[in-house]
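In: Starting from these lines, generate the structure:
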Amino acid sequence: MGKVVEKRARYASLALALLLAPFSGGQQVEAAPIPAQIVTAKKVFISNGGVDGAALAAFKRAGDSNEPYNRFYAAMKSWGRYELVASPADADLVFEIRFTAPIADFGKTTIYEPQLGLSIFETKTHFHCGRSQSLCKVRFEK
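Out: Below you'll find the model as predicted:
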């Protein structure tokens, strides 16, 4: 097994142990609150945090280097929860998206693991309300 895979397995085991620890005693875990700014916001500016080099090359080959931003923007618009504005000065929150494709080593096989990252900032105080990074399925084809 490669060093990266071993390290990930250790981190996954630790994360699983931390997640399951509260359940071992039969205790209920209360849900963490969502920051009030996310709940009360009406207007959002979507910032394109860009893509890394590997992801950029793949999107250029597919024909659209702005595809992650365009898809996220379209999904947010169709959801209708927030009014999308053209300037951060007009927004309550800024949603910054970025797309990366880090290399993962699986022994004899090396692959890219596409990831979409989202950071949420409150515009008045520049408070960082949250961050999410998730693996995602992406097809680089035209």
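In: now the strands for this protein?
Out: Listed in chain order, the strands of the chain (DSSP state E) span residues 43-51, 83-84, 93-100, 103-106, 109-112, 115-122, 128-135.
In: what about the last one, average pLDDT?
Out: This points to strand 128-135. For strand 128-135, the mean per-residue pLDDT is 64.
In: Then stretch 51-58?
Out: For stretch 51-58, the mean pLDDT works out to 71.
In: returning to that earlier point: which one of the strands of the chain lies nearest to Gln28?
Out: The stretch from the strands of the chain with the least distance to Gln28 (Cβ to Cβ) is strand 128-135; that distance is 23.5 Å. (Each C-beta comes from the backbone N, C-alpha and C, glycine too.)
In: Would you confirm that His128 contacts Leu118?
Out: No: taking Cβ atoms under 8 Å as the definition, His128 is not a contact partner of Leu118, at 11.7 Å.
In: Around Glu96, how many other residues sit close by?
Out: By the criterion of other Cβ atoms under 10 Å, Glu96 has 17 neighbours.
In: Do you know the pLDDT at it?
Out: Reading off the confidence values, Glu96 has pLDDT 90.
In: Pretty sure it sits against Leu116.
Out: No: using Cβ under 8 Å, Glu96 and Leu116 do not qualify as a contacting pair, with a distance of 11.5 Å.
In: And Val85, its phi and psi?
Out: Dihedral angles phi and psi of Val85 (degrees, to the nearest 10) take the values phi -120, psi 160.
In: Now for it: which residues touch it?
Out: Val85 is in contact with Lys43, Val44, Phe45, Ala91, counting by Cβ atoms under 8 Å, 6 or more residues apart in numbering.
In: wait, doesn't the second one sit right on Glu83?
Out: Yes: at 7.2 Å, Val44 counts as touching Glu83 under the criterion of Cβ under 8 Å.
In: Which one's more surrounded, those two?
Out: Neighbours were tallied for Val44 and for Glu83 using other Cβ under 10 Å; the higher tally belongs to Val44 (22 against 13).
In: That one: what's its closest spatial neighbour, skipping adjacent residues?
Out: With sequence-adjacent residues excluded and distances taken as Cβ to Cβ, 6 or more residues apart in numbering, Val44 is closest to Tyr82, at 4.0 Å.
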